[in-house]
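[1] Next one to model:
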Amino acid sequence: MYVLYVFLIVIPILAIVALMMTERGHDIKKTLQFIISGLDLGFNPGEIMFLWKIARTTKLEDPTALFWSLPVLDQCTAEIVQRARQTGTDNEESTQHLLSRIYAYRTRMELEHSKKKLGVESTRDILINQKVRILLRGTGLFTSRVVRNTSRALVLDFPANPSIPATSIPWLGKTISVYFWRHDDAGYVFETTVIPDPISEGKAVIHVSHTNSLLRSQKRKSIRAKCAINAQMYLVKPEETLESALEPEPGMKCRIEDLSEDGAMVLIGGKAVKNMKIKLQFMVHDVLIVMAGSIRAVEFNESLNQSRIHFECEELNPRMKNAVLTFVYNVLPEEEKQELDAIRLTEEDGLADAEHPDLSEADASRDNKIPTDPDEVYDVDSMQELPDLPDFASRKS
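    Below is the predicted model:
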């Protein structure tokens, strides 16, 4: 009888072990790991199963990345949109419902990333070896790293881009946007200017001015994208019901300067009135968008006789909302923009930082004293250790 009990216990255990060694067992194990990871991170069962559906639909190699990675979520969303268009199901209710849930979840993730307290208020607080992304508008996006942080300037490695000859660019005097991910904090961006420095002339570095105007990469209730979209504006009388029905006749010409799923910044001629009900009609990704809402604020330029209005959308159907969010989040490859690329790459820097925190902390803590003595700022010996620019960098055309 004792042998029978042992047999009844051992056989199921061996069967489970054998199952786990099969491909089906591997899938079960991956599913359990996904569920456990989600529960550990505070996700509810409904959210976990929703994200698992996305991971399975897009055949994601590491499904758990959907819990914390905005770039991975964007990549999956782009694939879902592309497949829906290829199969002609992009307008079906089930597809639009799935996209609505994805974008709602993505917005929540974005806002949670921005809830942390501002951890750095000046470029003087940036640590040595901090990786940065430099956006030179109209030219491209470059990678660099903080070499020194002095009382006069931030010293950066010479910007690099595999497809752009950075040494042919006259950097001096250029206004640049610098993006970086602060360890255990969030992404930041600041505008600065490249300034001259006689001591490091000819070295493979650039000096940029300090600033106290650091912003989160994204810091709004809803995420906005800058744009220049021509639109039609329609005034709604106070006694009329605000509806998002299509207007067949042309309206007032206007230009949308930034856009989100719940509003826009709009430039119009003449003086606008606060709290007026209006409708906007425009095209995004071959989808006609009709936004109905109210003017919440007005900036009037008397000399130009133009108004910049802050428009809040009150009604937007799911398909139009998804089209706007697709534009805003830049999940379609052909709509990529340099600024959103900078934010995405900075996010990826943060993910890499999370995967190797010990290495990041060691790099960041090395040589982080910020000098205040002018003699210490211009340490000639340390500047001599920096690499020289190649000969062609100073060659005049």
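[2] ok, Val290 touching Ala323?
    No - contact between Val290 and Ala323 fails when scored by Cβ atoms under 8 Å: they sit 11.2 Å apart. In this view, the C-beta of every residue, glycine as well, is placed from N, C-alpha and C.
[3] Which one of those two is surrounded by more residues?
    Ala323 (24 against 20; other Cβ atoms under 10 Å).
[4] Quick check: nearest residue in space to Leu156, chain neighbours excluded?
    Once flanking residues are discounted, Leu156 sits nearest to Ser144: 4.6 Å by Cβ to Cβ, 6 or more residues apart in numbering.
[5] now do Lys279
    Tyr234 (4.3 Å).
[6] Flag every buried residue along the host helix or strand of that neighbour.
    Taking DSSP states H and E as the definition, one finds Tyr234 inside strand 225-236. The neighbour-count check on strand 225-236 (16 or more other Cβ atoms under 10 Å) flags 225, 227, 229, 231-234, 236 as buried.
[7] Out of the residues you listed, which comes closest to Phe180?
    Nearest to Phe180 among the buried residues of strand 225-236 is Ala225, at 20.9 Å by Cβ to Cβ.
[8] The closest one contacts Glu257, correct?
    No - Ala225 lies out of contact with Glu257 (Cβ under 8 Å); the separation is 10.3 Å.
[9] where does the stretch 1-150 of the chain dip in pLDDT?
    1-26, 41-42, 112-119 (pLDDT under 70).
[10] secondary structure element for the residue nearest to Leu156?
    Take DSSP H and E as the rule and Ser144 turns out to sit in strand 140-149.
[11] again with Thr31
    Secondary structure (DSSP H and E) places Thr31 in helix 23-40.
[12] Quick check: buried residues in that helix?
    Those would be 34, 37-38, for helix 23-40 by 16+ other Cβ under 10 Å.
[13] which element follows that helix toward the C-terminus?
    Following helix 23-40 in sequence, per DSSP H and E, is helix 45-57.
[14] Roughly how far does the residue nearest to Lys279 sit from Glu243?
    To Glu243, Tyr234 is 11 Å away according to Cβ to Cβ, to the nearest Å.
[15] Ser122 too?
    Ser122 sits at a distance of 49 Å from Glu243 (criterion: Cβ to Cβ).
[16] what's the span of stretch 127-135 from first residue to last?
    20 Å (Cα to Cα, to the nearest Å).
[17] ok now that stretch, how far from the chain's centre?
    17 Å (Cα atoms, centre = their mean, to the nearest Å).
[18] go on, stretch 168-184?
    17 Å.
[19] For the stretch 201-350 of the chain, which segments count as helices?
    318-329, 338-355 (DSSP state H, counting those that start in this stretch).
[20] Send me the top strand by length along the chain as PDB with only the CA atoms.
    Across the chain, the longest stretch assigned as strand under DSSP state E is strand 287-301. C-alpha atoms of strand 287-301 as PDB (Å, rounded to 0.1, in the frame of the first residue of the first chain):
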ATOM      1  CA  VAL A 287      -9.100  59.900 -41.600                       C
ATOM      2  CA  LEU A 288     -11.600  62.900 -41.300                       C
ATOM      3  CA  ILE A 289     -11.500  64.200 -37.700                       C
ATOM      4  CA  VAL A 290     -14.400  66.200 -36.300                       C
ATOM      5  CA  MET A 291     -13.700  67.600 -32.800                       C
ATOM      6  CA  ALA A 292     -16.400  69.400 -30.800                       C
ATOM      7  CA  GLY A 293     -15.700  71.400 -27.700                       C
ATOM      8  CA  SER A 294     -15.000  74.800 -26.200                       C
ATOM      9  CA  ILE A 295     -12.400  77.500 -26.200                       C
ATOM     10  CA  ARG A 296     -10.800  77.500 -22.700                       C
ATOM     11  CA  ALA A 297      -8.200  80.300 -23.200                       C
ATOM     12  CA  VAL A 298      -7.300  82.900 -25.800                       C
ATOM     13  CA  GLU A 299      -3.900  84.600 -26.500                       C
ATOM     14  CA  PHE A 300      -4.700  87.600 -28.800                       C
ATOM     15  CA  ASN A 301      -1.900  89.300 -30.800                       C
END
